[in-house]
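Colleague: prediction below, plus the sequence it came from.
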Amino acid sequence: MSTVTKTRFAPSPTGFMHIGNLRSALYEYLIARSEGGKFLLRIEDTDRERYVEGAVEAIYRTLDMCGLRHDEGPDIGGPNGPYVQSERLHLYTEYADKLVASGHAYPCFCSEERLAVIRENEETEYIGYDRHCRDLDPAFVAQRIASGEPYVVRQKMPLEGETTFTDVVYGTITVMNQELEDQILIKSDGYPTYNFANVVDDHLMEITHVVRGSEYLSSTPKYCILYDAFGWDIPKFVHLPLIIGEDGKKLSKRHGSTGFEELVADGYLPEAIINMIAFLGWAPSEETREIFSLAELETIFSAKGINKAPAVFAYDKLNWMNEQYIRRLPSDRWRTMVKDIADPLFNEQPYSVDMLARVLRERVTKLSDIPEMIHFLTERLPYTRELFYNKRAKLDADVASNILNELYPKLEAVTVWDEASLSALLGQVCEETGRKKGQVMGALRVALAAQRVTPGGATETAMILGREEALERLSAAIKFLDG
RNA sequence: GGCCCGUUGGUCAAGUGGUUAAGACAUCGCCCUUUCAAGGCGGAGGCACGAGUUCAAUUCUCGUACGGGUCACCA
């Protein structure tokens, strides 16, 4: 076995990239990187019925967006290719033949109908399949195969004894061999099952750490028997606790977005998603910090810190993580994000992207919140007198009318419409009139926004809107209050 | 149901045979304040239960309960 740590991400192209899959990919990547090893990508497309067009592309896109670079894979090749299982069919039949020859597997001719019947009456002596074809006469078998009769290849499980293996996360696990079914290795269509292909490929590709979801824990003994039958070294197993929804059930559609690209479309940053799932079922023991970049995770990650219990995927925490990442984004990148979303909404209307980005930065949870938050800027909302009422600032429609009337000519006189002059002017007004800042600012802000709650205050809103629009809105507000 | 696995506040979690049992999210309060946020400070809230081992168990063992996984020609 190779001494260099090597892990693999082996998704099947059956749909979008689920958060659980991405978490597996992340841990596989981190285990490899943290030990200076290799990380490879393998496509497990042995189920032709569940194949989904475009799923492979989604896998590449996701890995790329998350920064999970692989060292070997279908797109970049490598020493152990091909990396797509449907291109390795001859290997599986070759290895299955060896198993049959050595007495570790056997052809089975049972029809699906017969299997269904067995499943119905639970009186069988064995677990699952009743081993009907396990000891057929070899000559008879050869004859039936020659005649073209369809068959599958099944693993011949030991009838007694027990199998023990050690998992990095779950420790030592032992099961009675009687509990193991003679599982199918090669399907009647000639394709291998996952149960067979994963063993052959992981060995051939020199995978040292088999990392996967804990749903595979119970079939791992069968894989161990397979490795033994071939005389292969058994790799280290790292089974990951499941990710579940807030109701304790397996994470699914009804819990919200569970696909990576779906979350991105919802306005979550890939970096935040990665950080979030890294901390689902794992935590560094030395530090209490929870914001880590992928590069930082690569150095601090250790399989030792992986928990055994299923973890709930909490959107609350994801939201917080996303806010943290938004705040840490380089200004120009954040500005571009805001601009891309705001431009089409403002359309021809001029506005200050810089001020908008600044104001939004501390207030946005996810990008998709933005349109609603800035709607009042692109649309003049109707005023109501109640809007101007604010108990704490001792403000109401009448007071607001006075303030705005005083303010209008002064604002109109402002030639340089920038933050410094605006706040200087407004501060001066407060001083001269003896009014509370909250009163003046509040009146102006509501006049500009026609909305009680806004991202940013009066001066910021005036800046975003620009001189012309701001003055027009102010004048409209006065007209409303006085009319 | 059989087999396997798990159980530290609502959630993610650190940790130990003797600790005031970290920290984060959420929640509540206060401060700050140009609304709302952000930020700062503080509060409430926990070792599932029962035995056993031990001078001492959250920590070790066994049961119970609860939860999850798995029992496919799917992965």
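Modeller: It's in. Numbering: from 1, shown residues only, chains lettered A, B, ... in the order given.
Colleague: C-alpha from now on. contacts and neighbour counts both.
Modeller: Noted.
Colleague: flag every residue of the stretch 301-450 of chain A that's near RNA strand B.
Modeller: Within the stretch 301-450 of chain A, the residues that sit near RNA strand B (CA under 7 Å from any atom of the strand) are A:305-314, A:316-320, A:362-364, A:423, A:437-438, A:441-442, A:445.
Colleague: where along the stretch 301-450 of chain A do the helices fall?
Modeller: All helices of the stretch 301-450 of chain A, identified by DSSP state H, counting those that start in this stretch, fall at A:315-328, A:331-346, A:353-361, A:370-373, A:375-378, A:397-412, A:419-433, A:437-449.
Colleague: kindly export the fifth one (C-alpha atoms) in CSV.
Modeller: Read it as helix A:375-378. Extracted in CSV, the C-alpha atoms of helix A:375-378 (Å, rounded to 0.1, in the frame of the first residue of the first chain):
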residue,chain,number,x,y,z
HIS,A,375,-36.6,48.4,-3.0
PHE,A,376,-37.4,51.8,-1.5
LEU,A,377,-34.5,53.3,-3.2
THR,A,378,-35.6,52.4,-6.7
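Colleague: not counting its own residues, what contacts that helix?
Modeller: With contacts defined as CA atoms under 8 Å, 6 or more residues apart in numbering, helix A:375-378 is touched by A:345-346, A:349, A:449-451, A:465.
Colleague: what mean pLDDT does stretch A:224-242 get?
Modeller: Averaged over stretch A:224-242, pLDDT sits at 97.
Colleague: and the residue of the stretch 251-400 of chain A closest to RNA strand B?
Modeller: Nearest to RNA strand B in the stretch 251-400 of chain A, going by CA to the nearest atom of the strand, is A:Gly281, at a distance of 2.6 Å.
Colleague: contact partners for the residue lying closest to that residue once chain neighbours are set aside?
Modeller: Leaving aside its sequence neighbours, A:Gly281 sits nearest to A:Asn307 (CA to CA, 6 or more residues apart in numbering; 5.1 Å). Contacts were defined as CA under 8 Å, 6+ apart; by that measure A:Asn307 touches A:169, A:240-241, A:281-282.
Colleague: so which of those belong to strands?
Modeller: Within the contacts of A:Asn307, residues falling in strands by DSSP state E are A:Leu240.
Colleague: redo the contacts of A:Asn307 as JSON lines? Include distance to A:Ala357.
Modeller: Formatted as JSON lines, the contacts of A:Asn307 follow (distance: CA to CA, whole Å):
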{"residue": "A:Val169", "distance to A:Ala357": "44"}
{"residue": "A:Leu240", "distance to A:Ala357": "40"}
{"residue": "A:Pro241", "distance to A:Ala357": "39"}
{"residue": "A:Gly281", "distance to A:Ala357": "35"}
{"residue": "A:Trp282", "distance to A:Ala357": "34"}
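Colleague: who wins for most neighbours among the contacts of A:Asn307?
Modeller: With neighbours taken as other CA atoms under 10 Å, the top of the contacts of A:Asn307 is A:Leu240, carrying 28 neighbours.
Colleague: for the nearest residue to that residue once chain neighbours are set aside, phi and psi?
Modeller: In this structure, A:Leu240 finds its nearest non-sequential neighbour in A:Gly213, 4.6 Å apart by CA to CA, 6+ apart. Dihedral angles phi and psi of A:Gly213 (degrees, to the nearest 10) take the values phi -70, psi 160.
Colleague: show me how chain A divides into domains.
Modeller: By the record's domain assignment, chain A is partitioned as A:88-240, A:253-328, A:342-483 (automatic domain parsing).
Colleague: distance from the chain centre to the longest one, please.
Modeller: Computed by CA atoms, centre = their mean, to the nearest Å, the separation of domain A:88-240 from the middle of its chain amounts to 32 Å.
Colleague: from one end of that domain to the other, what's the distance?
Modeller: Taking CA to CA, to the nearest Å as the measure, domain A:88-240 stretches 27 Å from start to finish.
Colleague: ok, back up a step: right, and the residue of the stretch 251-400 of chain A closest to RNA strand B touches A:Lys304 too?
Modeller: No. Assessed by CA atoms under 8 Å, A:Gly281 is found out of contact with A:Lys304, at 11.1 Å.
Colleague: which residue ranges of the stretch 151-300 of chain A form helices?
Modeller: Ranges of helices in the stretch 151-300 of chain A, per DSSP H, counting those that start in this stretch, are A:194-204, A:220-230, A:260-265, A:270-278, A:294-300.
Colleague: that older thread, show the buried residues in the residues of the stretch 301-450 of chain A next to RNA strand B.
Modeller: Neighbour counting by 16 or more other CA atoms under 10 Å classes A:306-308, A:310-313, A:318-319, A:363-364, A:438, A:441-442, A:445 among those as buried.
Colleague: among the contacts of helix A:375-378, who's most crowded?
Modeller: Comparing the contacts of helix A:375-378 by number of neighbours (other CA under 10 Å), A:Ala449 comes first, having 29 neighbours.
Colleague: please tell me how far the top helix by length along chain A is from the chain's geometric centre.
Modeller: Under DSSP state H, the helix in chain A containing the largest number of residues is helix A:458-482. Distance of helix A:458-482 from the chain centroid (CA atoms, centre = their mean) equals 43 Å.
Colleague: so what does that helix touch, helix or strand wise?
Modeller: With contacts taken as 3 or more CA pairs under 8 Å, 6 or more residues apart in numbering; DSSP states H and E, helix A:458-482 sits against helix A:353-361, helix A:397-412, helix A:419-433, helix A:437-449.
Colleague: mean pLDDT and distance to A:Ile326 added to those helices, as CSV?
Modeller: Below are the helices and strands packed on helix A:458-482 laid out as CSV (pLDDT from 0 to 100; distance: least, CA to CA, whole Å):
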stretch, mean pLDDT, distance to A:Ile326
helix A:353-361, 97, 7
helix A:397-412, 96, 34
helix A:419-433, 92, 24
helix A:437-449, 96, 25
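Colleague: from A:Glu149, how far out is the residue located most distally from the centre of chain A?
Modeller: Distance from the C-alpha centroid of chain A, by CA atoms, centre = their mean, peaks at A:Glu432 (55.9 Å). Look at A:Glu432 and A:Glu149: by CA to CA, they are 100 Å apart.
Colleague: quick one: the one helix or strand in chain A whose mean pLDDT sits lowest near RNA strand B?
Modeller: Ranking every helix and strand in chain A by mean pLDDT, DSSP states H and E puts helix A:112-120 at the bottom, with a mean of 87. Yes. Interface with RNA strand B: helix A:112-120 contributes A:112, A:115, A:119 (CA under 7 Å from any atom of the strand).
Colleague: columns neighbour count on top of these, output as TSV?
Modeller: Output for those, formatted as TSV (neighbours: other CA atoms under 10 Å):
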residue	neighbour count
A:Glu112	9
A:Leu115	13
A:Arg119	14
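Colleague: return the member of the residues you listed nearest to RNA strand B.
Modeller: Using CA to the nearest atom of the strand, the residues of helix A:112-120 next to RNA strand B come closest to RNA strand B at A:Glu112, 4.6 Å.
Colleague: got the contact list for the closest one?
Modeller: Contact analysis of A:Glu112 by CA under 8 Å, 6+ apart lists nothing.
Colleague: look through the stretch 101-250 of chain A and state the residue closest to RNA strand B.
Modeller: A:Glu215 (3.2 Å).
Colleague: residues near that residue, how many?
Modeller: Neighbour count of A:Glu215, defined by other CA under 10 Å: 12.
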